[in-house]
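> Can you look at this prediction? I've put the sequence above it.
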Amino acid sequence: MSYRSVDVERAAEGLSVPLRDILHTLLRPEPSERFATASELEGLLRARLAQLPPYSGEDAVREVQQALVEAENQLWDIEVPDDEGGIAIPLLDTPHPTDKVPTEPASRGGSRKRAPATRHADDVTTVPGPGARRVGSRLPTR
């Protein structure tokens, strides 16, 4: 992969100086200028972590809230195709004036409509109808 120093600087924006230095070391073009082992990198990262103040769940919540506030206007600019999923607009329970589908309450007589005798192979139903039946109820004997 090829990248320019401008790309590295853009990737490092917002990082603290010690982390930026680590990133620059990781991305040096000359292998001899990078960390010799993963263990060396781990030691450096753990030392840096030990210098930081404690980080609580409340800190994480505040950080996410701040990021959402900062990104609020940009979120509205995101274009998500309708057929690709994404952000769903909440639907209101208010019926549309042209929706005039008649409904009737279920009868209390206990009668259910039978499923049609022929269904497409992909149809799934919860209404009892012709289908697989258990042939025998006896358990196998030993």
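It's in. Numbering: from 1, shown residues only.

> When you work out contacts or count neighbours from here on, use the C-alpha atoms and nothing else.
Noted.

> Run a quick neighbour tally on residue 34.
By other C-alpha atoms under 10 Å, 16 other residues sit near residue 34.

> I should have written residue 17 there, sorry.
Counted with other C-alpha under 10 Å, residues neighbouring residue 17 total 11.

> Equivalent analysis for the one 4 residues further on, please.
Residue 21 is flanked by 13 other residues according to other C-alpha under 10 Å.

> averaged over its residues, what pLDDT does the top helix by length along the chain have?
As assigned by DSSP state H, the longest helix anywhere in the chain is helix 57-75. Helix 57-75 shows a mean pLDDT of 87.

> Give me the contact list for stretch 12-30.
8, 33, 34, 35, 48 (C-alpha atoms under 8 Å, 6 or more residues apart in numbering).

> for stretch 56-73, that is, sorry about that
So stretch 56-73 is contacted by nothing (C-alpha under 8 Å, 6+ apart).
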